[in-house]
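Undergrad: Test case, fold it:
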Amino acid sequence: MARKVYPLLIALFCISCASETPDPTPTPTENIYFPPITGTVWETKTISSLGWNQAAVQPLLDYLELKNSKGFIILVNGRIVMENYFNGHTQETGWYWASAGKTLTATLTGIAQQEGLLNINNKVSDYIGTGWTSMPLAKENLITNKHLLSMTSGIEDIANGDDVTPAKLTYKADAGSRWAYHNVYVKLQDVIAQASGQTWSSYFNTKLRDKIGMSGTWIQLDNNNVYWSTTRSMARFGLLMYNKGKWDNTVILNENYFNEATNTSQSINLGYGYLWWLNGKSSYHLPQTQLQFNGSLISTAPNDMFMALGKNDQKIYVIPSKKMVVIRMGDVANPENPTFALSGFDAELWTKISALYQ
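TA: Numbers count the residues shown, from 1 in each chain. Below is the predicted model:
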């Protein structure tokens, strides 16, 4: 009997081993797609191929059109899943980024640092000289590039508006002790110009715009230097940031700085990085108030989302957990209640976006 049992045990052992052998042809993980630097070719994916809810598409489009949108794009792993234009806007039409373009300045600051042109921990006056504010010199010299990136310069934010001439940059608090949303961040563009020996636009075009195939230019709008481009160019920048500063295999912005920029930059406003807004934190501050609000910035959106938010609802949403980049350009969504950054539009929009994939 023993001689008959052994072959049976050997056979069972072999079957067991076979069942533990990995599948020789596993399903490959889809690579991130990057559109060519030139031309209009851009790979797409369908709603159905993602297993998303087709019935949720039209309510989203109706809402976007109702809310004065002009351009809207959803990328998943770099591929276009939705691309829609409204109110006479087209794929070739340019529009302003408003304060969503602050993140472009943050990115160029990181690029200049990795090239050894500046250090964000050095004081601003090291690069553009003293007297760039009307603050006492000792207080002005407390302000570093990092304070401008994190909105903690201590400069008065309400009384003098967006004017960044020295006479209007007055003392409110010591740098690092107070978070306040202020246009003074644009001084980083002067820092970069001085450090690089180039104009701001020239350095920007060479180091970022042309390397990832963006179109666009810097224009003066409402006394601000704002970026103007197509919706697809905004999506290209969002894709770069989704991939942690790399365009395909080319490092544009190093990952260490990217991680600093897209995480809490100071202890006052947990929802703010280096000119990026951060979702999913336990509290946050908003422009033009010193109030602290508890909870996530956009409760209807994924917690890991980071955002570029601009006046009149210009939006770049980057959601790593969903492999998504979402772009919205247009006029103010709620004209009766315009805001500088976050608005009720964000929460309602994300209710409709999340209905696609939930």
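
Undergrad: Distance from stretch 164-183 to the middle of the chain?
TA: Computed by CA atoms, centre = their mean, to the nearest Å, the chain-centroid distance of stretch 164-183 equals 24 Å.

Undergrad: tell me the mean pLDDT over it?
TA: Regarding stretch 164-183, the rounded mean pLDDT is 97.

Undergrad: Likewise for stretch 61-76?
TA: The model assigns stretch 61-76 a mean pLDDT of 98.

Undergrad: Could I get the buried residue list for that stretch?
TA: Residues of stretch 61-76 classed as buried by neighbour count (16 or more other CB atoms under 10 Å): 61, 63-65, 67-76. C-beta here means a position set from N, CA and C on the backbone, and glycine is covered the same way.

Undergrad: Which one of those residues is nearest to Asn269?
TA: Distance to Asn269 across these (CB to CB) is lowest for Lys67, with 26.9 Å.

Undergrad: Return the distance of that closest one relative to Lys244.
TA: Applying CB to CB, to the nearest Å, the value for Lys67 to Lys244 is 31 Å.

Undergrad: now Phe72
TA: 24 Å.

Undergrad: Over to His285?
TA: Taking CB to CB, one finds His285 at 26 Å from Lys244.

Undergrad: So for the two, which sits in the more crowded spot?
TA: A count of neighbours by other CB atoms under 10 Å puts His285 above the other of His285 and Lys244, at 19 against 16.

Undergrad: contacting residues around that one?
TA: Trp179, Ile268, Asn269, Gly271, Tyr272, Leu291, Gln292, Phe293 (CB atoms under 8 Å, 6 or more residues apart in numbering).

Undergrad: Drop anything exposed from those residues.
TA: With burial judged by 16+ other CB under 10 Å, the buried subset of the contacts of His285 is Trp179, Ile268, Asn269, Gly271, Tyr272.

Undergrad: Just send those back as TSV, with distance to Ala98 and secondary structure too.
TA: TSV is the format used below for the buried ones among the contacts of His285 (distance: CB to CB, whole Å; DSSP: H, G, I helix; E, B strand; the rest coil):
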residue	distance to Ala98	secondary structure
Trp179	20	coil
Ile268	24	coil
Asn269	20	coil
Gly271	19	coil
Tyr272	17	strand
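
Undergrad: Among the buried residues of stretch 61-76, name the ones in helices.
TA: Among those, the ones falling in helices (DSSP state H) are Leu61, Tyr63, Leu64, Glu65.

Undergrad: looking at it, Lys281 is touching Asn294, isn't it?
TA: No: the pair Lys281 / Asn294 is not scored as a contact, 9.9 Å apart, by CB atoms under 8 Å.

Undergrad: between those two, who's got more neighbours?
TA: The neighbour comparison of Lys281 against Asn294 (other CB under 10 Å) goes to Lys281, with 18 against 8.

Undergrad: What residue, apart from its backbone neighbours, is nearest the more buried one spatially?
TA: In this structure, Lys281 finds its nearest non-sequential neighbour in Leu270, 4.0 Å apart by CB to CB, 6 or more residues apart in numbering.

Undergrad: Please report how far the one you found lies from Trp277.
TA: Leu270 sits at a distance of 11 Å from Trp277 (criterion: CB to CB).

Undergrad: again with Val124
TA: Distance from Val124 to Trp277, by CB to CB: 23 Å.

Undergrad: In contact with Pro35: list those residues for me.
TA: Val41, Trp42, Glu43, Gly78, Gly213, Arg236.

Undergrad: I only care about those residues that end up buried; give me the PyMOL line for that.
TA: The buried residues among those can be selected in PyMOL (16+ other CB under 10 Å) with this line:
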select buried, resi 42+78+213+236
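
Undergrad: Closest one of the contacts of Pro35 to Ala98?
TA: Distance to Ala98 across the contacts of Pro35 (CB to CB) is lowest for Arg236, with 18.0 Å.

Undergrad: Relative to Leu291, how far out is Ser177?
TA: Taking CB to CB, one finds Ser177 at 17 Å from Leu291.

Undergrad: Please name every helix or strand in contact with the helix or strand containing Leu240.
TA: Using DSSP states H and E, Leu240 sits in helix 231-242. Here helix 231-242 touches strand 69-76, strand 79-85, helix 102-114, helix 210-212, strand 314-319, strand 324-330, going by 3 or more CB pairs under 8 Å, 6 or more residues apart in numbering; DSSP states H and E.
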